[in-house]
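**Q** next come a sequence and a model predicted from it.
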Amino acid sequence: MNDRHRGVSERRMALVASPTEAAQAAATALRGAYEWHPVDQADMVVALGGDGFMLRALHAMLDRHRILPIFGMNLGTVGFLMNEWKSALLEQRVQNAKSITVLPLRMDAETVDGERLSIPAINEVSLLRETRETAKIEVVVNDRVVLPELVCDGVLVATPAGSTAYNLSAQGPILPLESSLLALTPISPFRPRRWRGAILPDKTPISFRVLDATKRPVSAVADQREVRDVAMVRVSMDRTSPLTLLFDPEHALDDRITMEQFTV
């Protein structure tokens, strides 16, 4: 072992960083202070960047089918999914961190050309109109048509972890992290005019059929991954790929989501 000690946690850490100047400078500082390992040889990951980079890091692990706990430090803007950036005592922070388990969604989409794709989403799956024409979408819950025609700019399904992101901006509800619920939220709905969304058990399958998909094209987005010109989208909770986020006890994600309800 060299002079960069493993520390009391004895966890083999990997380091990933956003390409931004701030994140790269922080990564340089950490590389000189601690021992690091390639991701495929590590026990956990330290991620430097903002919330967008955290989502990309989590998706990269899902793509590789090697899912490790991840401790993020904020070098971005909001940093809702991140801890405070500090270079000192990192190993002790990792050892004392509170583990939060997050279940992703699975978006199964079929395009108007018949292409089928399956993509995970940690925050939300959203359907969005592609042109000035409003979208017309049939909404199916538990294999039952609950809205024959939703006329809107779009509609989304959010996890509790994602309920404070795009969902909140669309006037959707904040969901406690351990609530086992999903938010089904319209985006600028025109008809039915009074429908403001629904809160559903997370075991509920939700499907969307795009009506007149050629004249009124719609894209489907799983976090940051977009599929254009969709005809059908099915959204369900993926319980086979739980993700573990690590937080300083005083800044844990469940507490942040709860307190977000009192932000004015």
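**A** That came through fine.

**Q** look at Ala57 and give its secondary structure.
**A** Here Ala57 is recorded as helix under DSSP: H, G, I helix; E, B strand; the rest coil.

**Q** pull the number of nearby residues for it.
**A** Neighbour count for Ala57, taken as other C-beta atoms under 10 Å: 22. Quick note: C-beta positions are derived from backbone N, CA and C, even for glycine.

**Q** and the residue nearest to it when sequence neighbours are not counted, what does it touch?
**A** Excluding its sequence neighbours, the residue lying closest to Ala57 (C-beta to C-beta, 6 or more residues apart in numbering) is Ala47, at 4.7 Å. Residues near Ala47 by C-beta atoms under 8 Å, 6 or more residues apart in numbering: 16-17, 53-54, 57, 70-73, 82.

**Q** swap in 10 Å and give it another go.
**A** Going by C-beta atoms under 10 Å, 6 or more residues apart in numbering, Ala47 touches 14-18, 23, 53-54, 56-58, 60, 70-75, 81-83, 245.

**Q** domain-wise, how is the protein divided?
**A** Per automatic domain parsing, the structural domains of the chain span 13-103+241-260, 105-237.

**Q** average model confidence for the shortest one?
**A** Confidence over domain 13-103+241-260, taken as the mean pLDDT, stands at 94.

**Q** end to end, how far does it reach?
**A** 31 Å (C-alpha to C-alpha, to the nearest Å).

**Q** chain center to it: distance?
**A** Distance of domain 13-103+241-260 from its chain centroid, counting by C-alpha atoms, centre = their mean, to the nearest Å, is 14 Å.

**Q** repeat that for the longest one.
**A** When C-alpha coordinates are averaged (C-alpha atoms, centre = their mean), domain 105-237 and its chain have centres 14 Å apart.

**Q** hmm, back to that, tell me which of the domains of the chain sits most buried.
**A** domain 105-237 (a mean of 19; mean count of other C-beta atoms under 10 Å).

**Q** the closest residue to Phe80 other than its chain neighbours and Ala121, how far apart?
**A** Nearest non-adjacent residue to Phe80, counting by C-beta to C-beta, 6+ apart: Asp51, 5.6 Å away. For Asp51, the distance to Ala121 equals 14 Å [C-beta to C-beta, to the nearest Å].

**Q** just Arg234 next, same as before
**A** Taking C-beta to C-beta as the measure, Arg234 falls 12 Å from Ala121.

**Q** name the element Gly79 belongs to?
**A** Using DSSP states H and E, Gly79 sits within no helix or strand.

**Q** so it versus Gln224, what's the distance?
**A** For Gly79 relative to Gln224 (C-beta to C-beta), the value is 17 Å.

**Q** before we move on, what about Pro104?
**A** Taken as C-beta to C-beta, the span from Pro104 to Gln224 is 13 Å.

**Q** helix, strand, or coil at Glu91?
**A** Secondary structure assignment for Glu91 (three-state DSSP): helix.

**Q** touching, it and Tyr34? I think so.
**A** Yes - between Glu91 and Tyr34 there is a contact under C-beta atoms under 10 Å: 6.9 Å.

**Q** could you verify my assumption that Ala183 touches Pro201?
**A** No - applying C-beta under 10 Å, one finds Ala183 not in contact with Pro201, separated by 11.7 Å.

**Q** surely Phe247 touches Arg256?
**A** Yes - counting by C-beta under 10 Å, Phe247 does reach Arg256; the two are 8.5 Å apart.

**Q** common neighbours of those two, please.
**A** Joint contacts of Phe247 and Arg256 (C-beta under 10 Å, 6+ apart) are Leu81.

**Q** which residues in this structure form helices?
**A** 21-31, 51-64, 90-96, 166-169, 253-260 (DSSP state H).

**Q** from Val233, how far off is Asn83?
**A** For Asn83 relative to Val233 (C-beta to C-beta), the value is 34 Å.

**Q** this completes my enquiry, with thanks.
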